[in-house]
Structure formats: C-alpha cells, structure tokens
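Chemist: Structure for the following, please:
(one chain, ligands or ions: 1)
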Amino acid sequence: MEAFSQLVERAGLAFAQATTPAELEDAKAVFLGKSGELTAQMKLLGSLPVDEKKARGAEINAAKQQVETLLADRRQALAEAELALQLRAESLDVTLPGRRRGSGGLHPITRAMERIEAIFGSMGFDVADGPEIETDWFNFTALNTPADHPARSMHDTFYVEGGHVLRTHTSPMQIRYAVRHVKQHRHLLDAGLPMPEIRVIAPGRTYRVDSDATHSPMFHQFEGLWVGEAISFKDLKSVYLGFVRAFFESDDLRIRFRPSYFPFTEPSAEIDMMFGSGPMQGRWLEVSGSGQVHPQVIRNMGLDPERHIGFAFGSGIDRLAMLRYGVSDLRHFFDGDLRFLSQFK
Ligand code: PHE
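Modeler: Numbering: from 1, shown residues only. A predicted model of the protein is given here:
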C-alpha cells in the first residue's frame, strides 16, 4: 500500500500544476473532497481493529494537515502571481519623458496685421473694423464706382443673397468710418469750426473671384485714410515710406508712385517699393493702390470737398507678409500645414 508521504507528494505536484484558482480547486477535490482520497481513507478507518485505528487515524490527520498546508501555500502563490501580473499591466514608467502640449503661435498674417496696426498706431492712426458682407452702396456706389464698372462683374465679385457682396476691398471702411466720424463732430462743422482729422487704418479680409499662386479668393488688405483741411500727396508719401521702412525694419528702401486709376481717388497711383539690399534688391514691387480721395467720395462721407481733402490707400497684407517672411506661394498661408505654420512660433 502507498505510504502517506507519497500521497502528500502527489498532492503537492497536482497543486503545483494548477495555474488558476479554478484548477487548484479541482486538484483539491481529488485529495480533500467528499469523495477525495483522504476522505476515503477516513471512511476505511471504521473497518480497522481498535489498536490500529488510533495510529492510522493519526497518520491520516497528519497527511491531511500537510496537504492543507500545501494547498494554502499554492493558493497564496497563485494570488501573488495574479497581483504581480496586474501590477505589471498597469505599471507606469515614470522615467519616460512627458508629452508636452505644443505651444501655439500667431498666424503670419495675424502677425503682419499686428505689426501694421502698431506702426500706424504710432503715427496716430486709429484702427477700425467692419463687415465682410457688404452692401452695394458701401462697396461700390459710395466709392463712386459706376454701375458698369468691371469690378462689379460676376467674374470678379462674390454676390450673396439680398444683393449683398463679399467686400472686394477694404475701401468701404473709408465711408463707414468717415460717416461715423463726421456724425460725431457734426456740431463743430455746423459751427464752422475745424473737425479733428480722420486718420484711420482698417485691416481685414477681402474677397475676389481669383485663385493662383499669388491670388487667393480670400485675401487681406488694409485701408488707410487721412482726411483733413490740408492733407496732400506729400503726407501720403511720408506716411507710406515711414510705414514700409518700419515694417521691413530697413531704411534702405525706396517707394515710387505710378499713375493709375481708381474710381474713388483722383489722381490715383500705385505705390511700388524697392529694397536696396537683400534677395529682393533692385526690383520694383507693387504693394498698394492709393490716391487723393475723389470729391464725390468726400461728399458721400458728409464733408465738403471745397474744405476737406485727403488721401487713401489700400495695400495687400498677404503680399507684405510674403515679402517680410520670404514666402514664395500665397497658398501656404491658407493650407493650414503645421510644417509651415510652426516656423512662425
Ligand atoms: N481698393 C483698391 C483696391 O483694392 C485700392 C485703393 C484703396 C486704391 C484706396 C486707392 C485708394 O485695389
């Protein structure tokens, strides 16, 4: 007959082979269960003579205790293994470098606008803002633009519901700002007193049906307007030259006026600029339309052209930003590609 020590050994092996608590319970049943081996041994006790009974009973009890100890050890080992597994699965590597939140930056067009506002601000210009969906009156008619002017054609202008347009330039801001200014100072004009000069820039989005490497259907302009009682082209020249020199941080820069035509200025001129050094050196670059505000436009502002005179200009911000940052294709500004944009952080 098998010695109890061997039974204990078999139980130990069976427990060791169990890799889950369920398997361990099955192995336990084989030895300690109702019909397990040790239980069967106990049942046999009754049939033994009294003198053998005692010794045998003690042996069985000792074996049972050993098996129970082995079982308890294995239970604990399995529980520990499971805990270790769980800890490993949920572990944090505190030595990994953290994932930083990327720091954003302003869009180059926004940066250019802020520069423009700061520079003109330092020259005493107010900054104004107005609607991008404009009425025909402000975008065209008040600016002396006749009904048959080509700018009004569907090829050039985005028309929206209700006869409105997406403003094709920032020039409607000339009228909007001046009308407000004149209304505010009407009492002075009525009393024959001088009105504070109108001196404003109006940067913002503008729209035209146009799209290639140097034209986008949405682009940016800033309008400039200076109206008073004795404002002349020489003021325009000094303001604009001062502006480009500050914007490009270079005194080695010239501008010239080239005769042109706009319905709302007379005379009208394109402003070209030329760098005296650097990669763009020696080429005239067109940067702005400009001119003396047309008498009819002065009237539409609520002023008397016999008394009030001034100049206006409208410049492309995208163009200036391209030149300042050395960007070759306008579309980079509007693609939203982070490889491009993150260079301006
Ligand atoms: N509005 C004109 C344009 O978009 C520019 C301009 C503005 C010209 C003011 C003269 C005076 O081309």
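
Chemist: And the closest residue to the ligand within the stretch 51-200 of the chain, how close does it get to L45?
Modeler: The minimum distance from the stretch 51-200 of the chain to the ligand, using Cβ to the nearest ligand atom, falls at H169 (3.4 Å). All C-beta spots, glycine's among them, are computed from the backbone N, C-alpha and C. According to Cβ to Cβ, to the nearest Å, H169 and L45 sit 111 Å apart.

Chemist: and what of W284?
Modeler: 118 Å.

Chemist: Relative to V8, how far out is the most centrally placed residue in the chain?
Modeler: Per Cα atoms, centre = their mean, the C-alpha nearest to the average position across the chain is that of G104, at 7.1 Å. Distance, G104 to V8, by Cβ to Cβ: 71 Å.

Chemist: What is the three-state secondary structure of the nearest residue to L38 once chain neighbours are set aside?
Modeler: Closest residue to L38 apart from its sequence neighbours, by Cβ to Cβ, 6 or more residues apart in numbering: K64 at 5.2 Å. Put simply, K64 is helix when judged by DSSP: H, G, I helix; E, B strand; the rest coil.

Chemist: Look at the closest residue to the ligand within the stretch 151-300 of the chain and give its secondary structure.
Modeler: For the stretch 151-300 of the chain and the ligand, the shortest gap (Cβ to the nearest ligand atom) falls at G289, measuring 3.0 Å. With three-state DSSP as the basis, G289 sits in strand.

Chemist: Verify the stated contact: it with S260.
Modeler: Yes: G289 lies in contact with S260 (Cβ atoms under 8 Å); the separation is 6.6 Å.

Chemist: Now the common contact residues for the two.
Modeler: Residues touching both G289 and S260 (Cβ atoms under 8 Å, 6 or more residues apart in numbering): 268-270.

Chemist: quick check, nearest of the residues you listed to L236?
Modeler: Ranked by distance to L236 (Cβ to Cβ), the shared contacts of G289 and S260 are led by A269 at 8.6 Å.

Chemist: The ligand contacts on the stretch 51-200 of the chain?
Modeler: Counting by Cβ under 6 Å from any ligand atom, the positions of the stretch 51-200 of the chain adjacent to the ligand are 169, 171.

Chemist: Which parts of this structure are strands?
Modeler: Applying DSSP state E to the chain gives strands spanning 126-127, 133-134, 165-166, 198-207, 218-228, 253-262, 265-275, 285-293, 309-316.
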